[in-house]
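Enquirer: Pasting the sequence and the predicted coordinates here, then a few questions.
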Amino acid sequence: MSQRFKLLEICRRALSAFAVVTAVVPIYLLIKQAFSVELDSFAWPPRWIPHHLTLEHLHKVTSTGELRESLIRSAEVATVAACTATLLGTMLAYAMTRDLRARRWGLAALTASRLLPMIAVALPLATVLIRVGLYDTPSGLGLALVHAAIALPVAAILLLGAFAKIPLELEDAAFLDGASQLTILLRIYLPQLKQALAAAFVLSFLSSWDEFGFGLLLQPTNRTLPPLIYYYAVFGDVGAASALALVSTAPVLIVLVALRHILIRQPKPPAF
Amino acid sequence: MRRAGRFLRLSCLGLPLGFLAITLILPLLSGVILSFQADGFSLENYRFVLGDSLFRRSVYNTLILAAASLVVEFVWGLIFALLLSSRRRASFVTEVSVLMPLLIPEIVFLSVARYILLPRGYLNGALAAVGLPAVGWLDPRSALCLLSVALVDAWRVTPMVTLLLLDGLQGIPAELYEAALLDGAGSFAQSRYVTLPLLKPALYGALVLRGVDALRIFSTVLVLAGPEGAPVMSTYAYQLWGDAMEEHRAMAASVLLATMIGTLGAVVIAFRARTRASGGGALEGLSG
Amino acid sequence: MSITVAMALFPSEAIIYRNILKEFESISGTRVNLVTETYGDILHLLFAQSRAGRGPFDLVEIDIAVLGQAREGVQTLPQSMLATVRAVFPEPAWKVGIVGNQLYFVPHRIMWQAMIYNRLRVPRPPTNWDELAQFARAHPNKLALKGGLYEGIVCDAMPFVWEAGGDELEPTSTDTLTALDFLAGLGPLLNVRSAVFREMSVLEAQARGEVWIHFNWPFAMRYLYEKGLAPAVELSAPVPIGPKGRATILGGGYLGIPRFAPHPHAAELFLRFLLTREVQQRLARELGWLNVLPEQSDTEARMLYDGFIAMRPYIRARATVPNYTGLSNRWQRALEALLFRNVPAAIAVQPVADWVGALRYEKSRPVS
Amino acid sequence: MAELVMRDVSRIFRSGRGVRNLSLTVEEGEFFVVLGPSGVGKSTLLRLIAGLDTPDNGEIEIGGRSVTHRARPDHTVAMVFQNLALYPHMSAYENIAFPLKMMGLGRREIEERVRRTAALAGLEIDLNRRPSQLSGGERQRVALARALVREPRLILMDEPLSQVDVQLRSVLRVELKEFQRRTRRTIVYVTHDHDSAFVLGDRISVMHEGRIAQIGSPEEVYRRPANLFVARFLGHPPMNLLRCQVAESGRGLWVNDVRLELDPPDGESGELVLGIRPQDLSVQPEFGAVKLEVKVESLEYLGARYLVRARLGNQALLVELPRSLQPGQIAHLYARADRFHFFDATSGERIGQTHDKASTVTKG
């Protein structure tokens, strides 16, 4: 028994070590590339420890118009997407909470929208957005709406869980107290959903902030951050790509590590 | 009864669903229509796509990639979930490390993976440092390239699987293990007769979710291998649209992908309905 | 008055470009409203305007590869414009805009390809086909083509076809097949990732030393220079000469005045302003465009762009067929089969021949 | 004057549960308890009165006005919910003030009425505390105050005492009864706990499968259960119910092969169900008492008394006795003839003694 226990413990340690290494090495490489001159990044054999440190990439990222524009655009798109997804998610969750038929319809729609392959939506969507003048706009409004649609299922399910925790009697009580349906939603439900609303907002925001495919297809010139990182990464600008990646990752990491527990306890996404 | 509230509820249901319809379903339908257009209404685009050897290779690659990625991420996901849920709590560092790939934006993760796997990347550098020859991890059309893509994809989503399974594991009451222990079950027997059967719903749900995602694989291929290196259905459509400017054929290809995934979804829903009817309740927990 | 202009500029380029516009605005008193879009989108906008019979655009920039398609969307330009253009651009560059004695487009900025080589690894770059083949055999995996399934492979392969005396509209001619056979011979020796390379990814491979020779546009030199690699490591050289001479491929943006442009005369005025030598020089200097390179006196720049400058007399434009994309797509597939799947040239090129044949048939049909 | 009248009200759900053809009248100032096991339709009844649900058919009147088809609840009805349904994000004060705010009253009037009502409900706490910071009893009073503050004609209570522990419950029960006596409010109180029903109710209505099985004062429903359901449901341990046969002579009964010298009600013959409460049996012979010869099987010690499980014929019999008996022993038990209840074996209805005038039996 004790020997087997030891073996298990060794396995546990090894696994932990493996997880740590696979997590730390990429982050280290990213930081290294962001702060070393590009010749270091192109060297062969690869330099694990940079020879020349520089702030040039970070400076470039934060000072060039294009990069700053993307940063701001990404933030705007993510904010609009998160607000829309949270608002619509709240509405949907509210409608689904007490009504079985609404719940069935809602779940079916959320499931269907989760099943759609990005490419099958994005290509025709580009055509549609061109027609309505929302394709590749500087504000990225079209993309923000699409991101909202993608984030909606997660937000709605999360809020649905939160709604379900509020006892039905509270609504009945408020109704008997003379509150209208809208008052019930605004003054009884919403104040109790603060945490879930915050979680839905943060998750929607991050999902938009991280989203790549639709951004690539719908904002070919007025880019958001992920496609811009893609262009710099695949098009050879190692330093700028890494610096940009750091800039875009840092806030995400801070938020997510802080919200680790919400994440781990996040309600599961809708099934089919 | 409460007629006054009905309007609010109906609009609360209708508005978001309408929004989903306009942003997702409507474009999809217009894509379907476009895919049938080629000098008038015809099946020409489908004929082209289905007759294209590159498309056939894309279908093959999509299926292989999905299968490989799923196997890897579920094995790892289960191992990590057990690691995180074991009675001796994992340290903060381990916890964050296991989740790390999920915390980093997808594109950042993929570009770092690319820097690692390039012919003169860090992995080959590490191999050279110990005197091993370089390996063509991303050589176009090679089986190794497919494997690399599958591994990176699995590496990125394993935390997601871990979380889904962790949720399932944490739902298993500790008393059951104690009871099994008292009944004389060893750790293998415990996992065989307690963990696995009770984890089944979570496992099944995660498998469905990830299966759909695996078939949709796009970014990983685009960043690591390029649309020619390991063509999959989504990059095939993207390439027809962006590079070849064959809009209608691109739509046909993406409609085929959507159909494939939709069929899978329908099968799963039907299967789920059956297991639920027979008291299996496989995905019950997942419907929120 | 104000005119609306659609150009395919990067946001960072647009800032510099607007400064140049200011000069025109102060001279003419006409405001220029600059809209930056991708080439693909500008084409869409152009078609939309010509179909609707009205629209906001007075001037559009079109990619050279789709001039054939775009022609139906623009009006003809006065022949007097040619005098201005002739003074600045080489002949093949302005000839592209002429169809049947009518001038539709004038060059805005042009560029062409040359060979990029690693001078530490390749002290003496290959100057002709034999030397190129010799290099490829001596250093397998070090020569690269932009072999991805996009226009890039056509840009790399077509100069070889032309250098053999062939033509992209004569896919089965002996001369064309000579070039294709030569390329087929190089196929197995190319860098393995050639099948996925595009402009920037092949450039990155060159910067990393994975590739020692490849063909690319002038911005490649600027990229390498910024990395500290050129001229220390990387230089440009002419494309190796073939059995029937030299050739390189012309690329760039062309300007046209859309049909139903609200202010065609103001647009024409603006066009003349853009095509003056001074403005072109300024664009070249400030944006790094290659239009008027011979005048660049800077020695380091001369050294970097040596190969490009040497190729200036051998510029050749792509065929201006309507639906050039269709032709290009067939050629891409044919070259992919030839280079990476060992399909014999005659078989690989058959779909192109069929497509060209259909085009001829279409053309020879009496117009009703 | 009747405060609440329900006439032939039905509300049936797809599951088959609900309320069927129910009629009742609650007088002004009455404490009316609806008693029944869970799932019997009590809550549905309450929701129909409150206006949270609309009947499929039938009429509901409150204070002489029909409220059957009201779109919104008026200020005549208030409700205290089982889980109290206090708004967790509001302070006690805000909870009580909420209905007044919805009525659109001014701040000063609200303040005045909240203070007054809080005092009436016996709240002597800092009203700025949230429900989560209050004890069970305090929450109870806040909920009561919130219901009272609008001065409704009718207060509905859905087992509001079920969530507090047993000792507090008996205290609160007494307080509530006291409160009702003082204020003469009309209260309809729903519960499954017959102790509460007996303590609180001026009248009790026992419900069974969506219908009212019996209405009457606590004594009436306990002493003269109208049917087998009420007989079984009220009392602890439950009433013994024995199948028996009227002797052919029409006098005396057969419980299996044991004969009881007990005369069935006049004119009855054939099979009957005989009921006797465990507390009504004794080991002391008494003049005129009916004697039962039983076999003792086992016994449980209850503290003050013993619960004896015995057999009469081959039917089980429970007896509560002040002293113990020996298992296996044959014992003689006695009960006064008027303590026996007779029920029709097929319909389950009471036979013999007539019911009180006030109580009615609704028949499906």
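Expert: Alright, I've got the coordinates.
Enquirer: so where's chain C shaky on pLDDT?
Expert: By pLDDT under 70, the low-scoring segments of chain C are C:11, C:290-299, C:362-368.
Enquirer: Alongside chain A, which residues does it contribute?
Expert: Applying CB under 8 Å from any CB of the partner chain, one finds that chain C approaches chain A through C:10-12, C:15, C:36-38, C:40-41, C:44, C:199-201, C:203-204, C:207-209, C:223, C:227-229. From N, CA and C alone the C-beta is placed, and that goes for glycine too.
Enquirer: Can you tell me, leaving aside adjacent residues, what's nearest to residue C:184?
Expert: residue C:338 (5.2 Å; CB to CB, 6 or more residues apart in numbering or on different chains).
Enquirer: should've said residue C:166
Expert: Nearest non-adjacent residue to residue C:166 (CB to CB, 6+ apart): residue C:176, at 3.1 Å.
Enquirer: any idea how far that neighbour is from chain D?
Expert: Distance of residue C:176 to chain D, given as CB to the nearest CB, to the nearest Å: 78 Å.
Enquirer: Same check on residue C:202?
Expert: Distance, residue C:202 to chain D, using CB to the nearest CB: 61 Å.
Enquirer: The one helix or strand that residue maps to and chain B, are they touching?
Expert: According to DSSP states H and E, residue C:202 maps onto helix C:199-207. Yes. Contact of helix C:199-207 with chain B (CB under 8 Å from any CB) involves C:201, C:205.
Enquirer: contacts for that helix?
Expert: The contact list for helix C:199-207 (CB atoms under 8 Å, 6 or more residues apart in numbering or on different chains) reads A:42, A:234-236, B:119, B:226, C:116, C:118, C:144-146, C:152, C:191, C:193-194, C:197, C:211-212, C:214, C:216-217, C:220, C:223-224, C:227, C:229, C:234.
Enquirer: With stretch D:7-18 instead?
Expert: D:19-23, D:39, D:41, D:44, D:48, D:53-61, D:210.
Enquirer: Of those residues, which belong to strands?
Expert: Assignment to strands by DSSP state E places the following of the contacts of stretch D:7-18 there: D:19-23, D:57-61.
Enquirer: Taking the stretch 51-200 of chain B, what residue is nearest to chain C?
Expert: residue B:140 (4.1 Å; CB to the nearest CB).
Enquirer: Helix, strand or coil: sort out that residue for me.
Expert: With DSSP: H, G, I helix; E, B strand; the rest coil as the basis, residue B:140 sits in coil.
Enquirer: roughly how far out does the host helix or strand of residue C:23 sit from the chain middle?
Expert: If you go by DSSP H and E, residue C:23 is part of helix C:11-28. Offset of helix C:11-28 from its chain centre (CA atoms, centre = their mean, to the nearest Å): 24 Å.
Enquirer: what residues does that helix touch?
Expert: With contact meaning CB under 8 Å, 6+ apart, helix C:11-28 is reached by A:64-66, A:69, A:221-222, C:7, C:9, C:30-32, C:34, C:36, C:266, C:269-270, C:273, C:279, C:282-283, C:286-287.
Enquirer: Could you check how many residues crowd around residue 245?
Expert: This is for chain A. 27 (other CB atoms under 10 Å in any protein chain shown).
Enquirer: actually chain D
Expert: Under the criterion other CB under 10 Å, the count of neighbours that residue D:245 has is 17.
Enquirer: which secondary structure element contains it?
Expert: Assessed by DSSP H and E, residue D:245 sits inside strand D:240-246.
Enquirer: can you list contacts of that strand?
Expert: Contacts of strand D:240-246 (CB under 8 Å, 6+ apart): D:228, D:231-232, D:252-255, D:260, D:264, D:268-278, D:312-313, D:315-318, D:343, D:345.
Enquirer: let's go with 7 Å and repeat that
Expert: Applying CB atoms under 7 Å, 6 or more residues apart in numbering or on different chains, the contact partners of strand D:240-246 are D:228, D:231-232, D:253-255, D:264, D:268-276, D:278, D:312, D:315, D:317-318, D:345.
Enquirer: So which of the contacts of helix C:199-207 reach chain D?
Expert: Near chain D, taking CB under 7 Å from any CB of the partner chain as the test, no member of these is found.
Enquirer: Give the rounded mean pLDDT of the strand holding residue D:245.
Expert: Throughout strand D:240-246, pLDDT has a mean value of 92.
Enquirer: Sheet partners, orientation included, of that strand?
Expert: When pairing is defined by DSSP bridges, strand D:240-246 lines up against strand D:253-255 (antiparallel), strand D:271-276 (antiparallel).
Enquirer: tell me the mean pLDDT for the shortest one?
Expert: Think strand D:253-255. For strand D:253-255, the per-residue pLDDT averages 88.
Enquirer: Run the chain-centre distance for it.
Expert: Put simply, strand D:253-255 sits 32 Å off its chain's centre (CA atoms, centre = their mean).
Enquirer: who touches that strand?
Expert: Here strand D:253-255 makes contact (CB under 7 Å, 6+ apart) with D:242, D:244-247, D:260, D:262, D:264, D:274, D:312-313, D:315.
Enquirer: what residues does the following helix or strand past the helix holding residue C:202 touch?
Expert: Remark: after helix C:199-207, the chain's next helix or strand is strand C:213-216, criterion DSSP H and E. Contacts to strand C:213-216, defined as CB under 7 Å, 6+ apart, come from residues C:113, C:115-117, C:122, C:135, C:142-145, C:156, C:199, C:202-203, C:206, C:239.
Enquirer: Run through the neighbouring helices and strands of the host helix or strand of the residue nearest to residue C:166.
Expert: Secondary-structure element containing residue C:176, defined by DSSP H and E: helix C:174-186. If you count contacts as 3 or more CB pairs under 7 Å, 6 or more residues apart in numbering or on different chains; DSSP states H and E, helix C:174-186 packs onto helix C:129-138, helix C:151-163, helix C:324-340, helix C:345-348.
Enquirer: Turn the ones you listed into a markdown table, columns for mean neighbour count and distance to residue C:71.
Expert: Putting the helices and strands packed on helix C:174-186 into a markdown table (neighbours: other CB atoms under 10 Å in any protein chain shown; distance: least, CB to CB, whole Å) gives the following:
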| stretch | mean neighbour count | distance to residue C:71 |
| --- | --- | --- |
| helix C:129-138 | 16 | 35 |
| helix C:151-163 | 25 | 19 |
| helix C:324-340 | 22 | 11 |
| helix C:345-348 | 17 | 30 |
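Enquirer: Can I get these in TSV including distance to residue A:141?
Expert: Shown next, in TSV, are the helices and strands packed on helix C:174-186 (distance: least, CB to CB, whole Å):
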stretch	distance to residue A:141
helix C:129-138	51
helix C:151-163	31
helix C:324-340	30
helix C:345-348	46
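Enquirer: Could you look up the SS state of residue 7?
Expert: Chain wasn't specified; assuming chain A. helix.
Enquirer: meant chain D, my bad for not saying
Expert: strand.
Enquirer: Counting neighbours, what do you get for it?
Expert: Residues near residue D:7, counting by other CB under 10 Å: 17.
Enquirer: same question, residue D:133
Expert: 13.
Enquirer: dump the residue contacts of it.
Expert: Contacts of residue D:133 (CB under 7 Å, 6+ apart): none.
Enquirer: all helices for the stretch 151-288 of chain B, in order.
Expert: Taking DSSP state H, counting those that start in this stretch as the criterion, the stretch 151-288 of chain B carries its helices at B:174-182, B:187-190, B:196-215, B:219-224, B:226-229, B:233-242, B:247-277.
Enquirer: do the fifth one and chain C meet?
Expert: Yes. Using CB under 7 Å from any CB, we find that helix B:226-229 touches chain C at B:226, B:228-229.
Enquirer: nearest to chain D, of the residues you listed?
Expert: residue B:226 (54.0 Å).
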